[in-house]
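Q: All I have is the shape, not the residue letters:
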């Protein structure tokens, strides 16, 4: 049996910061920033922070993904 809290956590989108994304993609953080500035990767701005929706990144990395 799952609790309401577990259900809520499963429904929430997972966001990554620049460092986490760089580790996931096995690239340098500088490369992530360059890809953001060139519009080559899906991202969000929250104030001065750049964040990435994990589901969008996973879709973006799939072959034949719309970029």
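A: Right, received. Where do you want to start? Here the structure is a predicted model, which is why all the values come from computation and not from measurement.

Q: wait, isn't residue 31 in contact with residue 22?
A: Yes. If you go by C-beta atoms under 8 Å, residue 31 and residue 22 touch, sitting 7.1 Å apart. (C-beta placed from N, C-alpha, C; glycine too.)

Q: Could you check which of the two has the larger neighbour count?
A: Between residue 31 and residue 22, residue 22 has the larger neighbour count (other C-beta atoms under 10 Å), namely 17 against 14.

Q: Quick check, the more buried one in contact with residue 29.
A: Yes. Here residue 22 reaches residue 29: they are 4.6 Å apart, a contact under C-beta under 8 Å.

Q: For the spatially most central residue of the chain, grab phi and psi.
A: In the chain, the centroid-proximal residue (C-alpha atoms, centre = their mean) is residue 52; its distance is 2.8 Å. Per-residue torsions, residue 52: phi -130, psi 130 (degrees, to the nearest 10).

Q: next one: residue 29
A: The phi/psi pair for residue 29 (degrees, to the nearest 10) is phi -60, psi -40.

Q: how near is it to residue 18?
A: Distance from residue 29 to residue 18, counting by C-beta to C-beta, to the nearest Å: 5 Å.

Q: what about the residue nearest to the centre of the chain, distance to residue 44?
A: Note on residue 52: its distance to residue 44, by C-beta to C-beta, is 7 Å.

Q: do residue 28 as well
A: Counting by C-beta to C-beta - residue 28 and residue 44 are separated by 21 Å.

Q: need the helices for this structure, in chain order.
A: Here the chain has its helices, by DSSP state H, at 4-11, 18-25, 29-37, 54-61.

Q: Any regions of this structure where pLDDT drops low?
A: 1-10, 65-67 (pLDDT under 70).

Q: burial count for the nearest residue to residue 60 once chain neighbours are set aside?
A: Distances taken as C-beta to C-beta, 6 or more residues apart in numbering place residue 42 nearest to residue 60, at 5.6 Å, with adjacent residues excluded. Close neighbours of residue 42, defined as other C-beta under 10 Å, add up to 16.
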